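1. Need coordinates for the below:
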Amino acid sequence: MKAVLLFLVVCACACSVNPYSGVPEKYHTLIEQALSKAGENRTELEKALLEAPKKEKEGMAFLIAYMPDRDLQELSAAFLLENTEYAYKAREKYSWARALPDSIFLNEVLPYVSLNETRENWRKDFYERFGQYVDTCHNLQEAIEAVNRHIRDEVGVDYNTLREKPDQAPFESIRQQMASCTGLSILLTDAFRAVGIPSRVAGTPNWHDGRGNHNWTEVWMDGKWFFTEYYFPGQLDQAWFFADAGQASKDDPQKAIYASSFRPTGISFPLVWDRNIQYVPAENVTERYNELYASHLSAITTGGNHVPVRVSMFATNQCTRTSDSRVAVNVDVFCGKMQMGGGRTSGPLQDMNDVLTFMLEKNKTYTICYTDGKDQAKRVEVQVETQPKDVNLYMQ
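-> Residues are numbered from 1 along each chain as shown. Next up is the predicted model:
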């Protein structure tokens, strides 16, 4: 009898430390393979699996099954448990997050990282920080716009070539109040994810004409991916780089467009700052941008009713109009009471060919609104006729 009791006690103890308890069977082999690579950190990963609440087991299993080797060997149970806890809190709280397919939630909301950036515990802070902007939103589109419109003022980070490194994590960028396009994209992606909005970083290692790389953010809504950026252009699938992205080349690895993934895809996201890194999965999404831009051009050129209007902001009207004299400021464009778009002008550290551009209908009067250097609201009337137009605005 004692032998039987001892056997039952041993079995109970064995079950109590079973890292696969409550984990869907499809992850078992993947997790065992991952744990075998973790070295001394294996106990932390097993602890994360064991302590994850039942409803979060699959999420924790997904992260451990697919995380890169560096994370298997470094991330603590506390880090993973907090990340997963707040990802599921967002899913429970927001209607749009509850409605997400599991595959989208796991790969585009739950992950704690986008590329190769420093692993930071941003999830809880961002859940609280950006929740204030979406708590009154009724659907995913409203939530996306709320985060996108407020993020710059909330964190105070701007594009600046003087940032410490291109691949900054959110708190690194917030500490410096500056980031590269990649750092801004990571920051925005994490802000979206924190409130249950599916998001990922997208970009190209080189534009079609060889002008260099650029990264931005994508969001998922109504079963489709849309592009946006840190300086919200006013609506999805509209940004200064649209024309360039539309001319990307799918079959040229250096001039294609990629979207990041946590789940392995067989393709690596090209990190131009360290081409030796191959552990960031990606999808080649070039065709979608080609098709979007072709459709956009077809729509606005039918009948020849639109022309490009390029908007630049300068410090004063005595400026020499070099890059050093440009000022980055938010502007909105209206036709009557209807907003036609919005964006942020290029500052002194941005490329000279990076000019805020709107495609506007010919023979109409538009109003460009901005705040000047004295914090005064300004309204400039612009008559768009039949030719492309350059509009220069001044802070003083």
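
2. Kindly confirm my reading that residue 86 forms part of a helix.
-> Yes - Residue 86 forms part of a helix when assessed by DSSP: H, G, I helix; E, B strand; the rest coil.

3. who touches it in this structure?
-> Each residue near residue 86 by Cβ atoms under 8 Å, 6 or more residues apart in numbering is listed here: 123, 124, 127, 194. C-beta here means a position set from N, CA and C on the backbone, and glycine is covered the same way.

4. Try it again at 6 Å.
-> By Cβ atoms under 6 Å, 6 or more residues apart in numbering, residue 86 lies in contact with 123, 124, 127.

5. Please enumerate residues in contact with stretch 176-185?
-> 156-158, 160, 163, 166-168, 173, 201, 214-217, 230.

6. and those residues, which are buried?
-> With burial judged by 16 or more other Cβ atoms under 10 Å, the buried subset of these is 157-158, 160, 163, 166-168, 173, 201, 214-217, 230.

7. which residues of the protein score low on pLDDT?
-> 1-19, 303, 319-323, 338-342 (pLDDT under 70).

8. and it, what are its domains?
-> 18-75, 100-297, 305-394 (automatic domain parsing).

9. Of the contacts of stretch 176-185, which belong to strands?
-> 158, 201, 214, 215, 216, 217 (DSSP state E).

10. Quick check: the two most widely separated of those?
-> Greatest spacing in the ones in strands among the contacts of stretch 176-185, by Cβ to Cβ: 158 and 201 (18.4 Å).

11. For the closest residue to residue 73 other than its chain neighbours, grab the count of nearby residues.
-> Distances taken as Cβ to Cβ, 6 or more residues apart in numbering place residue 41 nearest to residue 73, at 5.0 Å, with adjacent residues excluded. Counted with other Cβ atoms under 10 Å, residues neighbouring residue 41 total 17.

12. now the spatially most central residue of the chain: how far from residue 293?
-> Centroid-nearest residue in the chain: residue 189, 2.8 Å away (criterion: Cα atoms, centre = their mean). Distance of residue 189 to residue 293, computed by Cβ to Cβ, to the nearest Å: 22 Å.

13. rewinding a little: give me the buried subset of the contacts of residue 86.
-> Taking 16+ other Cβ under 10 Å as the criterion, what is buried in the contacts of residue 86 is 123, 127.

14. what's across from residue 367 in the sheet?
-> residue 334, residue 381 (DSSP bridges).

15. Test my guess that it contacts residue 379.
-> Yes - contact status for residue 367 versus residue 379: in contact at 5.4 Å, counting by Cβ atoms under 6 Å.

16. So if I had to pick from these two, which one is more boxed in?
-> Neighbour totals were compared for residue 367 and residue 379, and residue 367 leads with 16 against 10 (other Cβ under 10 Å).

17. Strands of this structure, start to end?
-> Secondary structure of the chain (DSSP E): strands located at 158-159, 178-179, 199-204, 214-221, 224-228, 258-260, 282-284, 306-314, 330-335, 338-344, 356-361, 364-371, 377-384, 389-394.

18. the inter-axis angle of the fifth one versus strand 199-204?
-> Here strand 224-228 runs at 70 degrees with respect to strand 199-204, directions being taken by axes from the mean of the first three to the mean of the last three Cα atoms, to 10 degrees.

19. Counting by contacts, list what strand 224-228 packs against.
-> Here strand 224-228 touches strand 214-221, going by 3 or more Cβ pairs under 6 Å, 6 or more residues apart in numbering; DSSP states H and E.

20. Residues contacting the strand it packs on, please?
-> With Cβ under 6 Å, 6+ apart as the test, strand 214-221 has contacts from 104, 140, 144, 181-182, 185, 188-189, 197-203, 225-229, 241, 259.

21. Need the buried ones from those selected in PyMOL.
-> With 16+ other Cβ under 10 Å as the criterion, this PyMOL line picks the buried residues out of the contacts of strand 214-221:
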select buried, resi 140+144+181+182+185+188+189+197+198+199+200+201+202+203+225+226+227+228+229+241+259
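
22. how far away is residue 314 from residue 390?
-> From residue 314 to residue 390 the distance is 12 Å (Cβ to Cβ).

23. Likewise for residue 234?
-> From residue 234 across to residue 390, the span is 20 Å (Cβ to Cβ).

24. And these two? Which one has more around it.
-> More crowded of residue 234 and residue 390, by other Cβ under 10 Å: residue 234, with 19 against 11.

25. Show me the one of the strands of the chain that comes nearest residue 66.
-> Judging the strands of the chain by Cβ to Cβ, what sits closest to residue 66 is strand 258-260, at 12.7 Å.
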